[in-house]
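*Asks:* Test case, fold it:
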Amino acid sequence: MSADPISFDYIIVGGGAAGCVLANRLSADRTTRVLVCEAGPDVRDGETPEQILDSFAAHAFLDSRFLWNDLEVTTAADAGADPANPARRRKYEQGRVLGGGSSINGQLANRGAPHDYDEWEARGATGWRWDTVLPYFRKLERDVDFGGPLHGDSGPVPIRRLFPHVWAPHAHAMAKGFASLGYRYVEDQNGPFEDGYFPFAINNLYDRRVPAPIAYLGPGVRQRPNLRVETGSVVTGLVFEGNRCVGITAVANGVEQRYRAGEVILASGAIFTPPHLLRAGIGPAADLEAMGIRVRHAARGVGTRLMDHPSVAIGAFVRPHARLNGKTRRHLLVGLRFSSGFPGTTQGDMAVSVSTKAAWHAVGEQIASLTMWVNKTYSEAGTVTLRSTDPLAAPQVDFRLLHDRRDLERLMAAMRHLRGAFDAPEMREAVETPFAASFSERVRQVGTINRSNALKTQLLAKLLDGPPALRRFLFRNVIMEAPPLDALLADDVALEAFIRRAAVGVWHACCSCRMGAPSDPLAVADPAGRVYGVEGLRIADASLFPVIPSANIHLTVLMAAEKIADDIVAGR
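*Replies:* Predicted structure coming up:
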């Protein structure tokens, strides 16, 4: 280890979406020295891997080079689960690459509902209500389709939509299916928050992904002499002097280095920010003491109330004429926002994403999926804890997605409701054999990108495109992992069991180190992200959210980082 730490004004721990925003905004003042430490590989303009740039996200999403490959979680187990049948652990893809999730996700760019952010303020995040966060949503974006008071026109992130003229026939048929259920076409998903089906808003331009490092860390920014971006650098600890965080330790290429900072900003996301705090002695006192960690500040909220959007899916075989038509690489073309109508729920509390192509391989090209999730979830019981004090060990992550029964019941109702879309004449022409689907371990294994899976799926795909009787046999015995859909939907007990077994999150982990008022015993940070109980330490990522928004969270992460960057600059 170097005897003389290298000094910076700000050290950003994590080069995900939030870290890229902070690096750009804080280094804009050339007198301010900024270091970003990112564990994964670089994403640089002109050298970005094709898998990341691809509009079809599955190649990057399942590429082991860009993931925390040892991360496993439990999903839907809750206090009512059978102790004799404990929850299975599953892989949970998290980006280990500059840009984090923005470099591997589905590129869906929506904001959530105004009432989400009004609830943030009501929960103690003063200054985070809708009218105060909207300017930051506008600041980050360059909407190429719409203008007006809800949209930005000069931000670093391009936002666009693929309108119906480029949709595959399956997507058109799915829209007709939604219309048959009474939903109308909404042209702008990021306009007024309302129910209906729409072309997805995406952070994508010319059919290419625009991840956070390309949007925020372009060539001009990367050449700033006061900004240092260290990739392949794993932060192993926070360094304190008394009650003040003064730096970090990190390992790169087997060499440990110490860096000193005026302020350390954690931007490692809802899964990896809590372990940094816990290993530094900031967290639930009893848990820390049980691990042999000296308590620096007792903070009950660290690693608690983790959230994600629970989801299940309906798959279907897509007839050859209805498959992707080559006009775009995108497979996610149409979505739906709708209201469950359950007592006490908000408008737009449910959401759907429709994928015309389920996976990268040949069978994936033949299967579409309708993934429904609880857009406004009430389950807030997930946890992130330490398995070990080893800074390289993956944390213990338990989402407990269906802890609030209202989430389970809304998924049951949604499956029954959306099954009706498949009865539309256009859907009957486009697809056949709708089935209850899940992102199971078997599906994941087949989705691993290798030559063996490519060859196996090519053979199976030829058989599936063969005689209908053979196709039905293969679906029953090879594809389906649940009872036939209509039988499942007619049986409350079987349907609940399926959802409890199959429900997964949609990679929107958040809320594990929430900001709130000083009087809130579970608040970890103040509304500017400053960690309570210590000095020189701040959080600026999805772990900070007071509650999950009714949206894919990528734009919310960017918005939050923009707002906190402004707070930091204003406080200099």
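
*Asks:* Stretch 176-196: which residues count as buried?
*Replies:* For stretch 176-196, the neighbour count (16 or more other CB atoms under 10 Å) marks 176-180, 183, 186, 188-190, 193, 195-196 as buried. For the C-beta atoms, the positions are set from N, CA and C on the backbone; glycine is no exception.

*Asks:* so for that stretch, what's the average pLDDT?
*Replies:* Stretch 176-196 shows a mean pLDDT of 97.

*Asks:* Span of that stretch from start to end?
*Replies:* Across stretch 176-196, the terminal residues are separated by 12 Å (CA to CA, to the nearest Å).

*Asks:* Provide the contact partners of that stretch at residue level.
*Replies:* Contact partners of stretch 176-196, identified using CB atoms under 8 Å, 6 or more residues apart in numbering, comprise 109-115, 143, 145-146, 150-151, 159, 161, 175, 197-201, 334-339, 347-348, 417-418, 420-427, 550.

*Asks:* Now do the phi/psi pair for the closest residue to I314 other than its chain neighbours.
*Replies:* Nearest non-adjacent residue to I314, counting by CB to CB, 6 or more residues apart in numbering: L370, 4.7 Å away. Main-chain dihedrals, L370, degrees, to the nearest 10: phi -110, psi 100.

*Asks:* can you count the residues close to L370?
*Replies:* 27 (other CB atoms under 10 Å).

*Asks:* Please name the bridge partners of it.
*Replies:* I314, V354 (DSSP bridges).

*Asks:* Local confidence estimate at it?
*Replies:* 97.

*Asks:* Quick one: residues contacting it.
*Replies:* By CB under 8 Å, 6+ apart, the neighbours of L370 are 174, 313-316, 352-355, 418, 421.

*Asks:* Tell me the most packed of these, by neighbour count.
*Replies:* Neighbour max across these (other CB under 10 Å) = M174, 32 neighbours.

*Asks:* I'd say that residue and A421 touch.
*Replies:* Yes - in this structure, M174 is within contact of A421 by CB atoms under 8 Å, at 7.0 Å.

*Asks:* Need the overlap of contacts for those two.
*Replies:* Residues within reach of M174 and of A421 at once, by CB under 8 Å, 6+ apart, are 370, 427.

*Asks:* follow-up on the earlier one: which among the contacts of stretch 176-196 count as buried?
*Replies:* Buried subset of the contacts of stretch 176-196 (neighbour count, 16+ other CB under 10 Å): 109-115, 143, 146, 150-151, 159, 161, 175, 197-201, 334-338, 347-348, 417-418, 421-422, 424, 426-427, 550.

*Asks:* can you give me the helices for the stretch 401-550 of the chain?
*Replies:* Secondary structure of the stretch 401-550 of the chain by DSSP state H, counting those that start in this stretch: the helices cover 405-419, 425-430, 441-447, 451-464, 468-474, 485-489, 492-502.

*Asks:* thinking again about what came up before, taking the contacts of stretch 176-196 one by one, which sit in helices?
*Replies:* Using DSSP state H, the subset of the contacts of stretch 176-196 located in helices is 114-115, 175, 417-418, 425-427.

*Asks:* could the residues you listed go into CSV alongside distance to R228?
*Replies:* Below are the ones in helices among the contacts of stretch 176-196 laid out as CSV (distance: CB to CB, whole Å):
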residue, distance to R228
P114, 39
H115, 41
A175, 48
H417, 52
L418, 49
P425, 60
E426, 55
M427, 54
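
*Asks:* Between those, which sits nearest L217?
*Replies:* For those, the residue nearest L217 by CB to CB is P114; the value is 30.5 Å.

*Asks:* Which residues are in contact with the closest one?
*Replies:* By CB under 8 Å, 6+ apart, the neighbours of P114 are 130, 193.

*Asks:* do the one 5 residues further on as well
*Replies:* When the contact criterion is CB under 8 Å, 6+ apart, the partners of E119 are 546-547.

*Asks:* That one should be in a helix, yeah?
*Replies:* Yes - assessed with DSSP: H, G, I helix; E, B strand; the rest coil, E119 lies in a helix.

*Asks:* How confident was the prediction at it?
*Replies:* At E119, the model reports a pLDDT of 98.

*Asks:* try the one 5 residues further on
*Replies:* According to the predicted model, the pLDDT of G124 comes to 97.

*Asks:* from memory it sits against P521, does it?
*Replies:* No - with contact defined as CB under 8 Å, G124 does not count as touching P521 (11.2 Å).

*Asks:* Those two: which is more packed in?
*Replies:* A direct count of neighbours by other CB under 10 Å for G124 and P521 places G124 higher, at 19 against 10.

*Asks:* Looks to me like the more buried one is in a strand.
*Replies:* No - assessed with three-state DSSP, G124 is coil; it does not lie in a strand.

*Asks:* Pop out the phi and psi values for it.
*Replies:* Residue torsions, per degrees, to the nearest 10, at G124 are phi 110, psi 0.

*Asks:* Is G237 in contact with T249, as I believe?
*Replies:* Yes - under the criterion of CB under 8 Å, G237 makes contact with T249 at 4.5 Å.

*Asks:* coming back round to it: can you tell me which of the buried residues of stretch 176-196 is nearest D287?
*Replies:* Ranked by distance to D287 (CB to CB), the buried residues of stretch 176-196 are led by F193 at 38.5 Å.

*Asks:* Spatially nearest residue to L278 (excluding sequence neighbours)?
*Replies:* L278's closest residue in space is L386 (CB to CB, 6+ apart), at 5.2 Å.

*Asks:* Distance of the one you found relative to G100?
*Replies:* 21 Å (CB to CB, to the nearest Å).

*Asks:* the more surrounded of the two?
*Replies:* A count of neighbours by other CB under 10 Å puts G100 above the other of L386 and G100, at 33 against 22.

*Asks:* Please report phi then psi for the residue lying closest to N203 once chain neighbours are set aside.
*Replies:* Leaving aside its chain neighbours, N203 sits nearest to A109 (4.5 Å; criterion: CB to CB, 6+ apart). A109 adopts backbone torsions of phi -120, psi 80, taken as degrees, to the nearest 10.

*Asks:* Let me see the contact set for A109.
*Replies:* Contacts of A109 by CB under 8 Å, 6+ apart are 141, 157, 159, 190, 200-203, 552, 554-555.

*Asks:* next one: S7
*Replies:* 33, 259-261.

*Asks:* which SS class is it?
*Replies:* For S7, the assignment made with three-state DSSP gives strand.

*Asks:* same deal with H321?
*Replies:* helix.

*Asks:* burial count for the closest residue in space to it that isn't next to it in sequence?
*Replies:* Of all residues not flanking H321 in the chain, P169 sits nearest, at 6.2 Å (CB to CB, 6+ apart). Applying other CB under 10 Å, we find 18 residues neighbouring P169.

*Asks:* Quick check: the gap between P169 and P467.
*Replies:* Distance from P169 to P467, by CB to CB: 23 Å.

*Asks:* same deal with R337?
*Replies:* Counting by CB to CB, the gap between R337 and P467 amounts to 39 Å.

*Asks:* Just give me the longest strand of this structure.
*Replies:* strand 255-266 (DSSP state E).

*Asks:* Relative to that strand, what are the paired strands and their orientations?
*Replies:* Strand 255-266 sits in its sheet next to strand 6-13 (parallel), strand 244-252 (antiparallel), strand 537-539 (parallel), going by DSSP bridges.

*Asks:* any idea of the pLDDT on E441?
*Replies:* Note on E441: pLDDT of 75.

*Asks:* Verify the contact between it and T75 for me.
*Replies:* No - with contact defined as CB under 8 Å, E441 does not reach T75; the gap is 11.9 Å.

*Asks:* contacting residues for I568?
*Replies:* Applying CB under 8 Å, 6+ apart to I568 gives the contacts 10, 22, 26, 263, 265, 528, 538.

*Asks:* Quick check: bridge partners of the last one?
*Replies:* For R538, the beta-bridge assignment (DSSP bridges) gives partners I265, R530.

*Asks:* Let the chain start at 35 from now.
*Replies:* Fine by me, first position is 35 from now on; the one you just mentioned is R572.
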